[in-house]
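Participant: Sequence and predicted structure below; questions after.
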Amino acid sequence: MPSLIPFLLLGLVMPTDLALIAPASAAPLRAKIQNVLVLGDSLSAGFGLSRADAYPALLSERAARAGLKVNIINAGVNGGTMSGGLSRLPGLLDHHQLDVLVVELGINDAFRGVPLAQVSANLQKIIDLTRARYPAVKIVIAGMQLPRYSADDYVTQFGAIYAEIARRNDAALIPFLLEGVMGNPALNLPDLIHPNASGQKILAENVWPVLEMALKKS
């Protein structure tokens, strides 16, 4: 850059104008806080525990340790179903701008014997509704499996819904949310259905690698 001294001497540039000429120092970039909505049932709500012990809260801690600024909205409700999640979703989308949606629903549908086509259709509607509002949102689907007490088609096909919907929508998949927890008395409440605090820690470990990747892509 040419020296400003000749111009100063000529009175063409006043010293107070130097701030306008000198390049401003770049303001430090602040990492964006990403909003993650967990649309779930009692597994996300932390049935029988404090909400602070449920895996969504534990994911917040993991994100902080990884240096990621994340706001996790736990929209888990006891007894939640796919249709219930779909009905609650518009209000949640109105109140929260989303970067990532984690869908953890479906096991209560299976317990009620909801037709698989309806379960699948509702999951697809949840994805479509979210992307219509926030096109850049990343979708994470928490897969579920039924205990194989029988080998009927419903049990087998139920678990396949999640992988198929994830593939069709280019969504991230947690193959089985309850991996390492289901059926273990040491990791569940006395009902042997809901994880205890130790079980919730394992759920967080099952979710975190997939969520971390989604956050880094968002």
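Facilitator: The structure has been received and is ready for your questions. Numbering: from 1, shown residues only.
Participant: Can you report how many residues neighbour the closest residue to Lys32 other than its chain neighbours?
Facilitator: In this structure, Lys32 finds its nearest non-sequential neighbour in Lys69, 6.8 Å apart by C-beta to C-beta, 6 or more residues apart in numbering. (Each C-beta comes from the backbone N, C-alpha and C, glycine too.) Residues contacting Lys69 under the criterion other C-beta atoms under 10 Å number 12.
Participant: Helices along the protein, start to end?
Facilitator: Secondary structure of the chain (DSSP state H): helices at 5-10, 18-21, 42-45, 55-65, 82-95, 107-112, 116-133, 153-168, 197-217.
Participant: Among those helices, show me which one is buried the most.
Facilitator: helix 42-45 (a mean of 24; mean count of other C-beta atoms under 10 Å).
Participant: what residues does that helix touch?
Facilitator: Here helix 42-45 makes contact (C-beta atoms under 8 Å, 6 or more residues apart in numbering) with 38, 51, 54-56, 74-80, 104, 107, 177-178, 194-195, 203.
Participant: same question, stretch 160-172
Facilitator: 106, 116, 119-120, 123-124, 127, 138-144, 173, 175, 210-211, 213-214.
Participant: what do you get if the cut-off is 6 Å, keeping everything else the same?
Facilitator: With C-beta atoms under 6 Å, 6 or more residues apart in numbering as the test, stretch 160-172 has contacts from Ser120, Leu123, Ile127, Ile139, Val140, Ile141, Gly143, Leu173, Val210, Ala214.
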